[in-house]
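A.B. asks: This is the structure alone, sequence omitted:
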């Protein structure tokens with residue numbers, strides 16, 4: 001299973017607009033980060049549990065992909 005806690009993305013500091021890289025885990029746990037530009041504290045807020053919803057959607061999509069790949073294995077044969 002893919003660990004989405006390690007996916008990273010950039011967020012802008014609300015004070016100086018400097019892009020700071022965070023991990024999905026940081027957002028999920030609502031961590032406080034320090035901006036690398038202005039050194040302000042950035043409180044991450046998982047508004048309406050969006051991180052939980054995304055994790056569920058990603059897990060569902062991966063399960064669908066795995067089922068699709070398994071079905072190919074039963075119908076497609078490669079001869080070399």
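C.D. replies: In hand now; what should we look at? It should be emphasised that the depicted structure is a prediction, and the values quoted were computed from it without experimental measurement. Residues are numbered from 1 along each chain as shown.
A.B. asks: what about residue 59, distance to residue 7?
C.D. replies: Per CB to CB, to the nearest Å, residue 59 is found 13 Å from residue 7. For glycine as for every other residue, the C-beta is placed from the backbone atoms N, C-alpha and C.
A.B. asks: same question, residue 27
C.D. replies: Going from residue 27 to residue 7 by CB to CB gives 10 Å.
A.B. asks: With residue 29 instead?
C.D. replies: As judged by CB to CB, residue 29 and residue 7 stand 14 Å apart.
A.B. asks: likewise residue 56?
C.D. replies: Separation of residue 56 from residue 7 (CB to CB): 15 Å.
A.B. asks: Residue 36 now?
C.D. replies: 19 Å.
A.B. asks: now residue 26
C.D. replies: Residue 26 sits 11 Å away from residue 7, going by CB to CB.
A.B. asks: Neighbour count: these two, which is higher?
C.D. replies: residue 26 (20 against 13; other CB atoms under 10 Å).
A.B. asks: Hmm, residue 33 and that one touching each other?
C.D. replies: Yes - counting by CB atoms under 8 Å, residue 26 does reach residue 33; the two are 6.5 Å apart.
A.B. asks: got any residues that touch both of those two?
C.D. replies: Counting by CB atoms under 8 Å, 6 or more residues apart in numbering, the shared contacts of residue 26 and residue 33 are residue 44.
A.B. asks: Who are the contact partners of residue 35?
C.D. replies: Taking CB under 8 Å, 6+ apart, we find residue 35 in contact with 13, 15-16, 18, 20, 41-42.
A.B. asks: Just the buried ones from these?
C.D. replies: The neighbour-count test (16 or more other CB atoms under 10 Å) marks 13, 20, 42 as buried among the contacts of residue 35.
A.B. asks: ok, those residues vs residue 66, which is closest?
C.D. replies: Among these, residue 20 lies closest to residue 66 (CB to CB), at 33.9 Å.
A.B. asks: Sweet, I'm off.
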